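Engineer: Just need the structure, nothing else, for what follows:
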Amino acid sequence: MHPALHCPGIAMNLILLGADDLTAQDHARVTDPRRLRHLREVHRANVGDEMTLGVEGGLIGRGRLERLDADSAEFSLTLDRQPPAPLDVHLLLALPRPRMLARSLEHVTALGVKHITLLHTRRVEKSYWQSPELKEDKIRQHLVLGLEQARDTIMPTVTHEKLFKPFVEDRLPALMTPASGTPPRGIIAHPGMPDECPRAVREPVILAIGPEGGFVDYEVEKFMAAGFEGVHLGERILRVETAVTALLARLG
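Structural biologist: Here you go, the predicted model:
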């Protein structure tokens with residue numbers, strides 16, 4: 001069952017079902033207040049209406065509303081489509097301020113990113129790591145909103161790396177040289193780099209994006225030593241959430 005989220009006036013492009021919602025292979029019962037409120041107040045749903053539903057981790061299709069009352073909504077299901085292809089980007093994101101983190105998680109999830117590492121860097125305030133926005137249930141809320149927006153069902157993984165040096169020296173090399181599959185292209189986005197961000201990359205990418213104020217020189221040097229290439233988005237200095245969206249759109 002999904003936590004209660006508040007999203008007034010914005011229609012879900014997909015109603016995301018969990019395993020607890022399924023009463024049979026072709027039937028679901030939704031009981032949480034957030035989705036019920038959304039059905040009534042945004043969709044203005046009536047019995048007989050059809051809408052897009054999907055099962056977390058599984059297929060997408062149509063659902064016919066068979067019953068709606070104060071406590072539940074019941075759907076008959078025809079699930080026959082795969083979710084959209086993921087964006088083959090592992091995002092290394094210096095932990096943003098809490099409000100910006102929430103929006104960034106929703107945006108990158110909607111764009112198809114499935115691996116997100118939140119990273120501590122020199123210019124990340126240590127207090128950000130104490131934010132309630134980093135609690136598992138809060139992160140999940142934002143991921144769910146991103147999936148609903150994009151009509152996707154595959155939940156991203158989010159990991160926390162609170163120590164920069166052990167990550168870049170011990171764990172990043174393994175990500176850059178996987179035991180199987182195509183090695184990824186490492187890209188660090190940072191103002192002043194000589195090359196523009198590439199477009200429509202057809203290989204796996206590990207993309208590093210710094211905090212407000214950017215990476216410090218030491219951090220840039222560590223990424224470059226790990227095989228990353230430095231890129232920029234032009235002369236404009238963008239907020240992190242804007243830069244993330246622009247970079248992912250180019251790479252995709």
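
Engineer: Now the residue nearest to Glu125 when sequence neighbours are not counted. Its backbone dihedrals?
Structural biologist: In space, and not counting its chain neighbours, Glu125 is closest to Arg97: 7.5 Å by Cβ to Cβ, 6 or more residues apart in numbering. Any C-beta I mention is one placed from the backbone N, CA and C, and that applies to glycine too. When read as degrees, to the nearest 10, the backbone of Arg97 gives phi -60, psi 150.

Engineer: Name all residues that make contact with Arg97.
Structural biologist: Listed by Cβ atoms under 8 Å, 6 or more residues apart in numbering, the contact partners of Arg97 are 125, 128, 212.

Engineer: before we move on, what about Ile206?
Structural biologist: Residues in contact with Ile206 (Cβ under 8 Å, 6+ apart) are 89-90, 92, 172, 175-176, 184-187, 228.

Engineer: follow-up on the earlier one: quickly name whichever of the contacts of Arg97 is closest to Asp71.
Structural biologist: Closest approach between these and Asp71, by Cβ to Cβ: Tyr128, at 38.8 Å.

Engineer: Relative to Leu172, how far out is the closest residue in space to the closest one that isn't next to it in sequence?
Structural biologist: Leaving aside its sequence neighbours, Tyr128 sits nearest to Leu95 (Cβ to Cβ, 6+ apart; 5.1 Å). Distance, Leu95 to Leu172, by Cβ to Cβ, to the nearest Å: 16 Å.

Engineer: more crowded one of the two?
Structural biologist: Legend: neighbour count by other Cβ atoms under 10 Å for Leu95 and Leu172, higher for Leu95 (26 against 23).
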